[in-house]
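Peer 1: The sequence and its predicted three-dimensional model are supplied below.
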Amino acid sequence: MSAQFLLPIYFDLSAIFLLALTGAWVAIRRHHDFVGVFILALVTGVGGALMRDGMLLQEVPAVLRDPRYLYAVLGAALLGGLTYRLARRFERLIAAVDALGLGAYAVVGMQKSFALGLSPMSAMVVGVVNAVGGGILRDIIVREEPLIFKPGQLYALAALAGCLMFAALNRLTDLHVQQAAYVAIGTVFLLRMLAIQFNWTTQVWHQPDEGAEQVRKGQE
């Protein structure tokens, strides 16, 4: 498979739509009005792309060059309002949508990096940032500690696994780029669903010293 390739635009638009939809559901759960719903959907949907293009790839963000990205966010905000009751009843639906968006965005970030000639390692960094950046910005805006910073079910690691799969298929096989993308997205989706089903979690890196923790609480 050549390192110079482009995935169809619907990969990018689908990833933005799916992630923006999860942002819209979070905003509705917090009783925001439509402006708030749209803004949180926008941040969740394109936040990773803005970090990817503006910070890492040093180019004009794609969302500013193509109005279809904003249409995707607007559609997600509207659909989020129409389907919120359904989402409230089916938490797995939100998790599945988020898992699909996570995998798609990881792949999109990598393919854009490869198209610019970046190494597989650099492309994986861009892919993971592209996948989780919107969620980080969403959590910061709603004043929550970003989920990926805390021990919990596999999320960023699932995105990394998808990036590793995509890089391996890109470098080591003759599989068509779209087929490789589907395999990588499926890898992320499967890991996320298994992590939710069997509660596969990361662990605290180092348990704090109890004495130091008591002193800290006393100072507070």
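Peer 2: Thanks, I have the structure now.

Peer 1: What separation do you get for the spatially most central residue of the chain and T83?
Peer 2: Here the mean C-alpha position of the chain is nearest to the C-alpha of A131 (CA atoms, centre = their mean), at a distance of 3.1 Å. Plainly put, A131 is 23 Å away from T83 if you go by CB to CB, to the nearest Å. Just so you know, the C-beta spots here come from the backbone N, C-alpha and C atoms, and that holds for glycine as well.

Peer 1: any idea of the pLDDT on the residue nearest to the centre of the chain?
Peer 2: With respect to pLDDT, A131 scores 92.

Peer 1: where's it relative to A195, distance?
Peer 2: From A131 across to A195, the span is 15 Å (CB to CB).

Peer 1: on that earlier part again, buried sites along the helix or strand where the residue nearest to the centre of the chain lies?
Peer 2: Assigned by DSSP states H and E, A131 belongs to helix 120-141. For helix 120-141, a neighbour-count test (16 or more other CB atoms under 10 Å) marks 120, 122-139, 141 as buried.

Peer 1: And for stretch 34-43?
Peer 2: Using 16+ other CB under 10 Å as the test for burial, stretch 34-43 gives G36, V37, F38, I39, L40, A41, L42, V43.

Peer 1: show me where the protein has strands.
Peer 2: With DSSP state E as the definition, the chain shows no strands.

Peer 1: the longest helix in the chain is where?
Peer 2: helix 91-115 (DSSP state H).

Peer 1: now it, how far from the chain's geometric center?
Peer 2: Relative to its chain's centre, helix 91-115 lies at 6 Å (CA atoms, centre = their mean, to the nearest Å).

Peer 1: same for that helix, what does it pack against?
Peer 2: helix 9-29, helix 34-50, helix 68-89, helix 120-141, helix 156-172, helix 177-198 (3 or more CB pairs under 8 Å, 6 or more residues apart in numbering; DSSP states H and E).

Peer 1: CA-only coordinates of the last one in CSV, if you can.
Peer 2: Extracted in CSV, the C-alpha atoms of helix 177-198 (Å, rounded to 0.1, in the frame of the first residue of the first chain):
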residue,chain,number,x,y,z
VAL,A,177,-6.4,1.7,2.0
GLN,A,178,-10.2,1.7,2.6
GLN,A,179,-10.1,-2.0,3.6
ALA,A,180,-7.3,-1.3,6.0
ALA,A,181,-9.2,1.6,7.4
TYR,A,182,-12.3,-0.6,8.0
VAL,A,183,-10.1,-3.2,9.8
ALA,A,184,-8.5,-0.5,12.0
ILE,A,185,-11.9,1.1,12.8
GLY,A,186,-13.3,-2.4,13.6
THR,A,187,-10.3,-3.0,15.9
VAL,A,188,-11.0,0.1,17.9
PHE,A,189,-14.7,-0.6,18.0
LEU,A,190,-14.2,-4.2,19.2
LEU,A,191,-11.7,-3.2,21.9
ARG,A,192,-14.1,-0.5,23.2
MET,A,193,-17.1,-2.8,23.3
LEU,A,194,-15.1,-5.6,25.0
ALA,A,195,-13.7,-3.1,27.5
ILE,A,196,-17.3,-2.0,28.3
GLN,A,197,-18.6,-5.6,28.4
PHE,A,198,-15.8,-7.0,30.6
